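Dropping a prediction and its sequence here:
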Amino acid sequence: MSNQYRLVELGNSELLAGLSELIRQGNELTARALAHLVELEERMLHLELGFSSLFSYCVQALGMSEGSAGRRVTAARVCRRFPEAIDRVARGELHLCALCALAPHLQPENAAELFDSCRGKTRRQIEESLAARFPRPDIREQIRRLPVRAQEAVPPNEHVSLPPRASDNSASPAIGPEVPTMPTMPTMPTMPAEVPGSGGPRRARELEPLSAGRFGVHFTADAELRDLIERARALARHQLPTGDLAGLMKLMVARFVQQEEKRRFGIGARPRRARAETETVHSTERGAPPGGVEVSREATEPRKPELRPVTTGKLGRYVPVAVRRETHDRDRGRCAFISADGRRCNARAFLELDHIKPFARSGRPDAVNIRLLCKAHNLLHARNCFGARHLAAKIAANRRLGRTPPSR
């Protein structure tokens, strides 16, 4: 260990004074870090560097933990709305947890008052103060079965176990208000991680690694979802005779992915054949004299109307299925944005079909001009093409009309 971390030779007064000074410097460094995050997001530099969000940049590029990154991103967005909060952080009046707790309640008319009321308070004190000021409805009464440790003997009639299913070690999600009993080790309570941009805590990890290739899945289902799951379990009994819940989830999710990939990107969809390419049949199949003369089905069957996009001489926004399928295969189902230093965005969520040459500038809906971009990089491309003010005006207009901005 380096000598600078060996403090046994320091006297008590020096130790206390040194610690106080480090805390003061830490508060100033935290405020400076928040200011840097505010400016970085304002300039959208994280998008230019190939990250789909500021949270991803903090975790992947800066090496922060998810909880630390979530708190700093949420606090930075508070400081972006209310710049005076940065000075309060530098003076030690507000900490990151305070800004995260205040985030959902801050408005221009109450920001100064809330900042003053939370000065120097702990997270728990702030939560109690906010609960008194912004009361929430009572929680629903319920009784839940808690996990028990495997080594503990459970007295009879203390709890009712779920009926055993077929031997399957895969983790199953808890359905309804009950949590299946499973062996677990006692753990220390932990603070929930912050959701980036939401300003509040989120629940414990929904996917918890248990071993290599196995995960515990945690979620709460309402009555409607529980009934749907039971109906799906009954319908799937021929494929899943044991009614295994993890197998049912895998089956349903796989079919949902297949359906959505087909709908959005044309994966697995049959290519539309032109009328001229209809298969021919021999005239002998229709009772004509033998001779091997081929007659098109089109000539012998009534012609059905074709459903094709209406063309008015202008390019439409419609992207053909074949183009969507080719684009998805080429971009491998992820954002195709590549930063100046060659880093490609790894986002697979909120993907949109983006016109490289914007639709508003006569960009064609073909595979050469269409690519997959995540929503953040799609907005970045729009800003680079049309300018920040024009984009902000368009977004505001669409919000007033209650619709999502179309792809360019």
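It's in.

Would you map the helices across the stretch 1-150 of the chain?
12-43, 45-48, 54-56, 66-81, 84-90, 96-102, 111-117, 123-133 (DSSP state H, counting those that start in this stretch).

if we compare those, which one ends up closest to Ala336?
Judged by C-beta to C-beta, the one of the helices of the stretch 1-150 of the chain that comes nearest to Ala336 is helix 45-48, at 13.4 Å. To be clear about C-beta, it is placed using only N, CA and C from the backbone, and glycine gets the same treatment.

Report the backbone C-alpha coordinates of that closest one in PDB.
Output of helix 45-48 as PDB, limited to C-alpha atoms (Å, rounded to 0.1, in the frame of the first residue of the first chain):
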ATOM      1  CA  LEU A  45     -21.100  14.500 -27.000                       C
ATOM      2  CA  HIS A  46     -22.000  11.100 -25.600                       C
ATOM      3  CA  LEU A  47     -24.000  10.400 -28.700                       C
ATOM      4  CA  GLU A  48     -21.200  11.600 -30.900                       C
END
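
OK, contacts around Ala33?
Under the criterion of C-beta atoms under 8 Å, 6 or more residues apart in numbering, the contact list for Ala33 reads Arg72.

can you give me the strands in the chain?
207-211, 214-217, 280-282, 294-296, 351-355, 370-374 (DSSP state E).

would TSV of the ones you listed with mean neighbour count be doable?
Shown next, in TSV, are those (neighbours: other C-beta atoms under 10 Å):
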stretch	mean neighbour count
strand 207-211	11
strand 214-217	15
strand 280-282	12
strand 294-296	12
strand 351-355	22
strand 370-374	24
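
out of the ones you listed, nearest to Gly11?
Using C-beta to C-beta, the nearest of the strands of the chain to Gly11 is strand 207-211, at 46.3 Å.

Contacts for that closest one, please.
171, 215-218.

Out of those, which one has the lowest pLDDT?
Minimum pLDDT for the contacts of strand 207-211 is recorded at Ala171 (40).

how much space between the closest residue to Cys385 other than its chain neighbours and Leu380?
Excluding its sequence neighbours, the residue lying closest to Cys385 (C-beta to C-beta, 6 or more residues apart in numbering) is Pro358, at 5.3 Å. Per C-beta to C-beta, to the nearest Å, Pro358 is found 13 Å from Leu380.

thinking again about what came up before, closest one to Gln25 out of the contacts of strand 207-211, please.
Among the contacts of strand 207-211, and counting by C-beta to C-beta, the member closest to Gln25 is His218, at 39.9 Å.

Report how many residues lie close to that closest one.
15 (other C-beta atoms under 10 Å).

mind listing what the residue lying closest to Lys375 once chain neighbours are set aside touches?
Nearest non-adjacent residue to Lys375, counting by C-beta to C-beta, 6+ apart: Phe350, 4.0 Å away. Contact analysis of Phe350 by C-beta under 8 Å, 6+ apart lists 374-376.

ok, now Ala349?
Cys374.

Check it and give its pLDDT.
87.

Ok, the one 10 residues further on next?
Phe359 carries a pLDDT value of 86.

separation between it and Arg399?
Counting by C-beta to C-beta, the gap from Phe359 to Arg399 is 20 Å.

Looking at these two, which is more packed in?
Neighbour count, other C-beta under 10 Å: between Phe359 and Arg399, Phe359 has more, with 18 against 11.

now that one: how far from Ala382?
11 Å.

Where does pLDDT dip in this structure?
Filtered on pLDDT under 70, the chain yields the residue ranges 1, 138-207, 271-316, 403-408.

got the domain boundaries for it?
7-133, 209-257, 321-401 (automatic domain parsing).

What about Asn369, how many residues nearby?
17.

you'd agree it is up against Pro358?
No. Look at Asn369 against Pro358 with C-beta atoms under 8 Å: they stay out of range, at 9.5 Å.

how about Gln60, what does it touch?
Phe51.

how close does Asn369 sit to Ser362?
In terms of C-beta to C-beta, Asn369 sits 10 Å off from Ser362.

from the contacts of Phe350, which is closest to Arg81?
Taking those together and measuring to Arg81 by C-beta to C-beta, the closest member is Ala376, at 19.3 Å.

Skipping its backbone neighbours, what lies nearest the closest one in space?
Closest to Ala376 by C-beta to C-beta, 6+ apart is Ser52, at 5.1 Å.

isn't the one you found right next to Cys335, touching?
Yes. Applying C-beta under 8 Å, one finds Ser52 in contact with Cys335, separated by 6.5 Å.

In terms of packing, which of these two has more residues around it?
Higher neighbour count among Ser52 and Cys335: Cys335, with 26 against 23, using other C-beta under 10 Å.

The more buried one and Cys374 touch, don't they?
Yes. Counting by C-beta under 8 Å, Cys374 is a contact partner of Cys335 at 4.2 Å.

what's in contact with stretch 112-131?
Contacts for stretch 112-131 (C-beta under 8 Å, 6+ apart): 82, 84-85, 88, 92-95, 97-98, 101-102, 105-106.

buried set for it?
Using 16 or more other C-beta atoms under 10 Å as the test for burial, stretch 112-131 gives 114-115, 118, 121, 126, 129-130.

Dump the residues you listed to CSV, plus distance to Tyr5.
Below are the buried residues of stretch 112-131 laid out as CSV (distance: C-beta to C-beta, whole Å):
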residue, distance to Tyr5
Leu114, 39
Phe115, 36
Cys118, 34
Lys121, 31
Ile126, 33
Ser129, 38
Leu130, 39
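
Pick out whichever of those sits closest to Gly243.
Once C-beta to C-beta is applied, the member of those that ends up nearest Gly243 is Leu130, at 44.8 Å.
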